Structure formats: structure tokens, C-alpha cells
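Peer 1: I would like the atomic coordinates for the input below:
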Amino acid sequence: MSHVDLTVDGWLALSDAGADGVAAAIARDVGAALVSISAHSYVGRSGRMALFERDGIRYALVPGGTVELGCDPARFVPTSRQLQDFAEAVAAYSVPEPIHRFLAEQMSPARWATLPARLVAVRSVDADWLLTAEHDGTDDHESVMARLEWRGLRPPTPDEWEYDCGAGATTLFRWGDEYPDSEPYGDVPLIQNPNFFGLVIGDDPYRTEFTTDPTVLCGGDGGSALCGGYGGFLSWITLATAYRDPALAETIYEGYLVGETPLRPVLPMP
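Peer 2: Next up is the predicted model:
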């Protein structure tokens, strides 16, 4: 079986010796150092995490396979606090209601996708990380992607980003459907702890990330809802795994914020 065909079930079914062998072969094939393989758990799910490093960037193994993505609003049962938070948002900002219609408009649709296994950066980096002394001053999606490709890397596709974040969870957030009684910023272990794959992702609404699609950024809204004081529901929903903000890309490109916008390098496996 090719490394790119490695699934979560296949990875977890390996013996410790078998996992060591697979991880060592991956490291050799991509020119990375194998840092560690260890048991890892996240919100009641137990698994195995493999970490690698290349050129100063730490990566985690994300197995692939045919996976469920997106948001089915019909599955979401809001709590009384969420309904209250949403009602306050409706009154103040005229967001579409009811709550399930809002989710249908703000989330990517429920779907299935077949994804390859790959190594994904544990943390995102700013696009400026790609700059070289020969940088010509061009900052758009195409030039950023070209500089990333020159390093043998790429960003995740939108489907990959969602899977990287949710790791197969079909709830609104990767940890469930509810959110803490706090702002999604600062010292909030729930969003800052590594997820099931070992990634620190969707942890800061200000750090929305590029994908291969220039119109789709994931993992936040640039901080608009939080900074604007839009309340708990609208601030937290920007970190929902399937959240999309179609207007955000235009704001970034027109505001010359490409270099300051994070991306998450993906190290493809042969």
C-alpha cells in the first residue's frame, strides 16, 4: 500500500513496530526527520501521533481516505445559551434566521471526499515566511502558491483543511457542538491544544488561513466578529470546522494583507 493510501483505521491498526517502520519510510521519502511517535488523545478520542520536521517546520501525519466533510444544519441542536446568543446577534446585526438557515449559508455543505495521506504543518506560518532576497514585491495568491511550490510544499485544499481541523468529527466544532463561556481568543485550552492529529488549527479567529482556492480561507474571519463585539455565537462560529466567509478573500487581496495572512504548509508524500 502506498503511503498516500494510509487511512486513520490503517494507521491505528499498526503495531508499534509497524508504525515506526511506516513513519521512518515516510520521513525518508520526503526528506524529513522523524521527531516522535506517541499516543495522543483529544476530547475522548485516543490515537497515535507522528511528528516530523523539515527546514524548521514541524509536521504531523494526517492519514487520508474517504471522509465526511461539511455541515448538515439538521444535525445541530442548539443549547438555550446558543439560541440566546444567536437572538442577540439577529437583533443587533440582522443576520439571517432561523439559526439553521444561518448555518446553511455560512458553512460548507455536507459531502464526502477522498483525500490522500500527507504531512501537515502543526502550526500555520505567515505568507511572509516564503519571502526571499529576490522577492519582487508581488503579493497575491498565485505568487504565494508559486513560492510555496518552489519549496516542495503546498497549502491544503479546502476539503483537506476541513479534515485536518475536524479529523472526522461531524459536529459543528472539532470538539462538539457547544462553545465555552469565553471569547475564542487568549488562554482557551480547548482551541489551543493539539487536535486529534496533533495540529494546532482553528485556534485564533484572527489567523484565517489560505487554501489552494484563492476564494476560500478557513479557520476564522480575520477577527471581524470578535473585534467588532458581535457576541458569543458569531465570534465562536468563525472557528467552526466548515465555516466560510466569502467576502474575506476580497478584503485580504484589496487590503494588501496577503503577506500577513497565514497558510499551513503541506508536505505531500510520494
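Peer 1: make it CA atoms for all contacts and neighbour counts henceforth
Peer 2: Will do.
Peer 1: shaky segments in this protein?
Peer 2: 1, 131-138 (pLDDT under 70).
Peer 1: can you show me the helices along it?
Peer 2: Under the criterion DSSP state H, the chain contains helices at 8-13, 16-30, 80-93, 99-106, 141-150, 158-166, 189-192, 224-228, 232-236, 246-254.
Peer 1: so which of those gets nearest residue 121?
Peer 2: helix 158-166 (10.1 Å; C-alpha to C-alpha).
Peer 1: was I right to think residue 61 contacts residue 167?
Peer 2: No: counting by C-alpha atoms under 8 Å, residue 61 stays clear of residue 167, with 11.6 Å between them.
Peer 1: find residues that contact each of those two.
Peer 2: residue 197 (C-alpha atoms under 8 Å, 6 or more residues apart in numbering).
Peer 1: ranking the helices of the chain by burial, who's on top?
Peer 2: Most buried of these by mean neighbour count (mean count of other C-alpha atoms under 10 Å) is helix 158-166; its value is a mean of 25.
Peer 1: tell me which of residue 61 and residue 167 has more neighbours.
Peer 2: Neighbour comparison, residue 61 and residue 167: the larger count goes to residue 61, with 26 against 23 (by other C-alpha atoms under 10 Å).
Peer 1: show me what contacts the residue lying closest to the more buried one once chain neighbours are set aside?
Peer 2: Excluding its sequence neighbours, the residue lying closest to residue 61 (C-alpha to C-alpha, 6 or more residues apart in numbering) is residue 119, at 4.7 Å. By C-alpha under 8 Å, 6+ apart, the contact list for residue 119 reads 59, 60, 61, 62, 266, 267, 268, 269.
Peer 1: ok, what's across the strand from residue 119?
Peer 2: Taking DSSP bridges as the rule, residue 119 bridges to residue 61, residue 267.
Peer 1: any idea how far it lies from residue 183?
Peer 2: 31 Å (C-alpha to C-alpha, to the nearest Å).
Peer 1: with residue 202 instead?
Peer 2: As judged by C-alpha to C-alpha, residue 202 and residue 183 stand 14 Å apart.
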